[in-house]
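Q: need a structure here:
(2 chains)
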Amino acid sequence: MRNSGISLLFIFLGLSLKAQEIKKTLWKQGFENLIIQDKSDSLKLFFEHREFRNPYHSMFFAGMILEDQDDLEKNDIKWIPLYHNQHVGVYDAETYKFHSLDAEEKNFFAKNNNVFRNYRFNFRLHPEVVSRYGYYEDPFETKFNVLLDTRLYLAPGLSLQTGISIPIVNSLDNQGMKLRAAPSMLHYFTQPWNSHFFSLSAGTFYNDRYGFDLEYRYARLASTWSFGFAGGVTGFYRLYGLEYYSESMDNLYGVADVEWRTGIENTSLKLSIGQFLYKDKGARLDLIKQFEAAEIGLFAAGTDIGVTGGFQFAFSLFPGKILRSKKLELRTTEEFRWEYTYNNEDPVARQFRIGMPRLANMLRNYNEAWIKHLSRNNNQ
Amino acid sequence: MRLKIILFLSIIYFPKDVTSQVNIMGKSGYINTPSAEWFEDKPLGFSYALMPGNYSVFGNEFTDVQFYNARASITSFFEVNLSIAHRPARAKINKLGIGDRQLDFGFRLLKEKKYWPAIVLGWTPPGSAAPYLAHDYLALTKNFKTGFGDFSLTTGYGSPYVFLKKNDSNSFLDFHIEKKTETRLNANYLTGVFAGFSYQPVQWGGAMAEYDSNTLNAGVFIQPWDWLNLQGYTYEGKEWAFSAALNFSLDFLPKTLRSYEKFRY
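A: A predicted model of the protein is given here:
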């Protein structure tokens, strides 16, 4: 009895040593908030990896690294990728079958989630491009800034994003070329009930907006349908170095949408209806195609202000990681998104970016069907 | 001797799929004419092409045209093309800005089979008040692989009609249908029967000829890498021009993962 007790103790010691080793190896490759729930034949790995736009890539990466570990004999590995310090769901490492976390898993995560100790200081370079085409005197009026920003976790799901904006070119407006603060906001991301996602932001955003923004999305990630609502109260602002100009925060927007994965070659259709920026009521239809390295979308919109069409694309900026040490990381943005609209005179169905992917765009990459597709693609 | 010939032929024979050339507006094709080829593994394309003034598609206006094009193959049967036609001489006189924007869609109706050609329908949605570049067409393309190189043969028909938006109208839907050549535009791009032909004896290049429904044109192309296509061509042997196209895949792993995979093996 005593003997078996000792050997059990050794097994546990061995396991936890192994877990420490795995954590160390993964941490070196950019994984953060590593929490391992280890049982004799199964392993659950909670982690966040901020470099990739597709969570599949972080899971694939973790899989390769674990494969390279000697004497790790687990046949039941589960990935629990985290986004902004919150869990999205559980994926089976073999089949990528998705399920939401159960109460026990949630408790385990809540107990071990340490928002200060488990993260690096993570800085990212994020380009901001605003352009207007078509005027004869300067056909390519462009404002191009490079943002160096960071996200600091303050509490579970609560983070502060801030940084500096470095102007490179500005032939678009009178904002000038002085160094200024990048969009800075307090952000709260949470999934209080399974499949119900919330994202709340307060601060300064992109497209010269400041104020409050709320997003809600009901997305069962193994399903083809998802529904969302986004709303906010914002106003115009602009920074000129340390000086600023702002208008009152009285512009209300509220847009509801429904998105459907068609099942045809990773395309989705999304219909958004409501009041867009500038009290512009109408609808917008998006066709979105997901590629492994990018997303390309086409859209058409009709509102009180007028009609327009255009396209958008999003991708991770090359090369990803620039430098990484034990406590510090500098990388390029995980998602650069750009939109072109045909109607360059009227702001038809205008929205703004908040400094991180919108819920619909982010959750699209967590969809089980999409992740399974990528897994098939990479294991041919 | 016979063995040598067979050996020689087997060297230049390559079973790999051909990377298509692109036309002036950045879609698969030859010089002016489109083909029914499909960029299966290269869904994203950017290109530049020069069109000599004497062969301009802008009706009665004979100044050089520079095309800047982007193409995205959204699915294996649906493609979207965006072109900007910049006319430097015209831009100065009329304060035009960058130029005319042209948006069109391609629908692959049929994949190429052993005996069947590929069929593609090209459609320009109405909405422009000056649709010089608008073209609606059906193209059929068949490839032949032989021991001494690859051939592609295209024939098609471009609609002589155009959707013309009323000049003073604000609505996108307020248009009428007219014959291209009979409108005030006097446009004639791709109206009627067109045909194209290319011969690629080596993987990195070949020659082509076409009848674009108006003139007979010919040229050569080289593809030093499978993502790059450079073309030099002549319109009726009188004017010379060129184009360059980049075609990319969008299905690949991030750099970090590619490096790690390399480091593993």
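
Q: quick one, strands of the stretch 1-150 of chain A?
A: A:32-38, A:42-48, A:76-83, A:86-87, A:90-92, A:98-99, A:121-133, A:140-155 (DSSP state E, counting those that start in this stretch).

Q: could you give the mean pLDDT of the longest one?
A: Per-residue pLDDT values across strand A:140-155 average out to 94.

Q: including mean neighbour count and distance to chain B, could the strands of the stretch 1-150 of chain A go into JSON lines?
A: Bear in mind the C-beta positions are built from the backbone N, C-alpha and C, glycine included. Supplementary listing: the strands of the stretch 1-150 of chain A in JSON lines, determined by neighbours: other CB atoms under 10 Å in any protein chain shown; distance: least, CB to the nearest CB, whole Å:
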{"stretch": "strand A:32-38", "mean neighbour count": "19", "distance to chain B": "14"}
{"stretch": "strand A:42-48", "mean neighbour count": "21", "distance to chain B": "15"}
{"stretch": "strand A:76-83", "mean neighbour count": "20", "distance to chain B": "15"}
{"stretch": "strand A:86-87", "mean neighbour count": "20", "distance to chain B": "22"}
{"stretch": "strand A:90-92", "mean neighbour count": "19", "distance to chain B": "17"}
{"stretch": "strand A:98-99", "mean neighbour count": "18", "distance to chain B": "21"}
{"stretch": "strand A:121-133", "mean neighbour count": "17", "distance to chain B": "6"}
{"stretch": "strand A:140-155", "mean neighbour count": "16", "distance to chain B": "7"}
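
Q: in contact with the residue in the stretch 151-265 of chain B that chain A sits nearest to, which residues?
A: Closest approach between the stretch 151-265 of chain B and chain A, counting by CB to the nearest CB: B:L250, at 3.6 Å. For B:L250, the contact set (CB atoms under 8 Å, 6 or more residues apart in numbering or on different chains) comprises A:F291, A:E292, A:A293, A:A294, A:I296, B:P43, B:L44.

Q: which among these gets closest to B:L50?
A: When the contacts of B:L250 are compared for distance to B:L50 (CB to CB), B:L44 wins out at 22.1 Å.

Q: got the confidence number for the closest one?
A: 95.

Q: show me the shaky parts of the stretch 51-200 of chain A.
A: Residues of the stretch 51-200 of chain A that meet the criterion pLDDT under 70 lie in A:71, A:73-74, A:134-138.

Q: switch the cut-off to 80
A: A:70-75, A:133-140 (pLDDT under 80).

Q: the stretch 151-265 of chain B too?
A: For the stretch 151-265 of chain B (pLDDT under 80), the answer is B:165-175, B:182-184, B:264-265.

Q: interface residues of chain B facing chain A?
A: Within chain B, the positions adjacent to chain A are B:43-44, B:72, B:74-76, B:80, B:82, B:91, B:95-98, B:101, B:103, B:170, B:172, B:249-257, B:260-261, B:264 by CB under 8 Å from any CB of the partner chain.

Q: return the subset of those lying in strands.
A: Counting by DSSP state E, the residues of chain B next to chain A place B:L44, B:A72, B:V80, B:L82, B:R101, B:L103 in strands.

Q: which residues touch the nearest residue to the fifth one once chain neighbours are set aside?
A: Right, the one you point to is B:R101. Nearest residue to B:R101 in three dimensions, chain neighbours excluded: B:I84, at 5.6 Å (CB to CB, 6 or more residues apart in numbering or on different chains). Counting by CB under 8 Å, 6+ apart, B:I84 touches B:F67, B:Y68, B:N69, B:I98, B:G99, B:D100, B:R101, B:Q102.

Q: mind running it again at 10 Å?
A: Residues in contact with B:I84 (CB atoms under 10 Å, 6 or more residues apart in numbering or on different chains) are A:133, A:139, B:66-70, B:97-102.

Q: so where do the helices sit in the stretch 1-150 of chain B?
A: B:2-12, B:88-94 (DSSP state H, counting those that start in this stretch).

Q: and the ones you listed, which one is worst for confidence?
A: Among the helices of the stretch 1-150 of chain B, helix B:2-12 scores lowest, with a mean of 51.

Q: pLDDT at the closest residue to chain B within the stretch 201-350 of chain A, what is it?
A: At 3.6 Å from chain B, A:F291 is the closest residue in the stretch 201-350 of chain A, using CB to the nearest CB. According to the prediction, A:F291 has pLDDT 97.

Q: follow-up on the earlier one: just the buried ones from the contacts of B:I84?
A: A:Y133, A:P139, B:F67, B:Y68, B:N69, B:A70, B:G97, B:I98, B:G99, B:D100, B:R101, B:Q102 (16 or more other CB atoms under 10 Å in any protein chain shown).

Q: B:F175 and B:Y161 touch, don't they?
A: No - here B:F175 lies out of contact with B:Y161, judged by CB atoms under 10 Å, at a distance of 11.5 Å.

Q: who has more neighbours, these two?
A: Taking neighbours as other CB atoms under 10 Å in any protein chain shown, B:F175 and B:Y161 compare with B:F175 leading, 18 against 15.

Q: measure that one to B:L164 for me?
A: For B:F175, the distance to B:L164 (CB to CB, to the nearest Å) stands at 6 Å.

Q: quick one on the thing from earlier: now for the ones in strands among the residues of chain B next to chain A, which pair is the farthest apart?
A: Maximum distance among these (CB to CB): 18.8 Å, for B:L44 and B:R101.

Q: list the contacts of the residue of the stretch 201-350 of chain A closest to chain B.
A: A:F291 touches A:E265, A:N266, A:F313, A:F315, B:P43, B:L44, B:A72, B:I74, B:S249, B:L250, B:D251, B:F252, counting by CB under 10 Å, 6+ apart.

Q: mind putting the residues you listed in JSON lines, distance to A:V115 included?
A: Listed next are those as JSON lines, based on distance: CB to CB, whole Å:
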{"residue": "A:E265", "distance to A:V115": "39"}
{"residue": "A:N266", "distance to A:V115": "34"}
{"residue": "A:F313", "distance to A:V115": "33"}
{"residue": "A:F315", "distance to A:V115": "29"}
{"residue": "B:P43", "distance to A:V115": "40"}
{"residue": "B:L44", "distance to A:V115": "39"}
{"residue": "B:A72", "distance to A:V115": "40"}
{"residue": "B:I74", "distance to A:V115": "40"}
{"residue": "B:S249", "distance to A:V115": "39"}
{"residue": "B:L250", "distance to A:V115": "35"}
{"residue": "B:D251", "distance to A:V115": "35"}
{"residue": "B:F252", "distance to A:V115": "34"}
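
Q: in the stretch 1-150 of chain B, which ranges drop under the pLDDT threshold?
A: Using pLDDT under 80, the stretch 1-150 of chain B drops low at B:1-19, B:90-99, B:127-130.

Q: residue ranges for the strands of it, please.
A: For the stretch 1-150 of chain B, strands defined by DSSP E, counting those that start in this stretch occupy the ranges B:44-51, B:65-73, B:78-86, B:100-110, B:118-123, B:137-146, B:149-158.

Q: could you dump those strands to TSV with distance to A:S165?
A: Compiled in TSV, the strands of the stretch 1-150 of chain B are given as follows (distance: least, CB to CB, whole Å):
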stretch	distance to A:S165
strand B:44-51	28
strand B:65-73	28
strand B:78-86	29
strand B:100-110	30
strand B:118-123	42
strand B:137-146	47
strand B:149-158	49
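
Q: among the buried ones among the contacts of B:I84, which one lies nearest to A:N118?
A: Closest to A:N118, out of all of the buried ones among the contacts of B:I84 and judged by CB to CB, is B:A70, at 42.3 Å.
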